[in-house]
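*Asks:* Just to be clear, the model below is a prediction. Sequence and coordinates:
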Amino acid sequence: MSEKPREADRWQMALEEKLRELRRCQETRGHTSCLSCPEILGCEIRTRYVHAVYESMNKGTGGGFEF
């Protein structure tokens, strides 16, 4: 069964929004990567971004991915 183009775009758009949010956070804190941030563990912004990456990969079908 073929996925509708609009449905596929939904996952990509969500991913792009979370990436913008992540980059804004990095810029605000003066970092070029989350790895240099002392708040990396437990960071909600990064967690939402990672979830969006995973969801864009599986298009919301779920799976056994755990953090």
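*Replies:* Received the coordinates, thanks.

*Asks:* Would you mark the buried spots in the longest helix seen in the chain?
*Replies:* In the chain, with assignment by DSSP state H, the single longest helix is helix 5-29. Within helix 5-29, the residues that qualify as buried are Trp11, Ala14, Leu15, Lys18, Leu22, Cys25, Gln26, counting by 16 or more other CB atoms under 10 Å. The C-beta positions use only the backbone N, C-alpha and C, and glycine is treated the same way.

*Asks:* for it, packing partners?
*Replies:* When contacts are defined as 3 or more CB pairs under 8 Å, 6 or more residues apart in numbering; DSSP states H and E, helix 5-29 packs onto helix 44-58.

*Asks:* Now for the residue most central in space within the chain: which residues touch it?
*Replies:* Compute the mean C-alpha point of the chain, and by CA atoms, centre = their mean the closest residue is Tyr49, 2.1 Å away. In this structure, Tyr49 makes contact with Lys18, Leu19, Glu21, Leu22, judged by CB atoms under 8 Å, 6 or more residues apart in numbering.

*Asks:* Now do the longest helix of the chain: everything it contacts.
*Replies:* 32-34, 37, 45-46, 48-49, 51-53, 55-56, 59-60.

*Asks:* Quick one: which of those has the lowest pLDDT value?
*Replies:* Within the contacts of helix 5-29, pLDDT reaches its minimum at Gly60, with 65.

*Asks:* remind me which residues of this structure are low pLDDT?
*Replies:* 1-8, 60, 62-67 (pLDDT under 70).

*Asks:* give me phi/psi at Cys43?
*Replies:* Phi and psi for Cys43, reported as degrees, to the nearest 10, are phi -70, psi 120.

*Asks:* what about it, how many residues close to it?
*Replies:* 16 (other CB atoms under 10 Å).

*Asks:* Surely it is in contact with Cys37?
*Replies:* Yes. In terms of CB atoms under 8 Å, Cys43 counts as a neighbour of Cys37; the distance is 7.1 Å.
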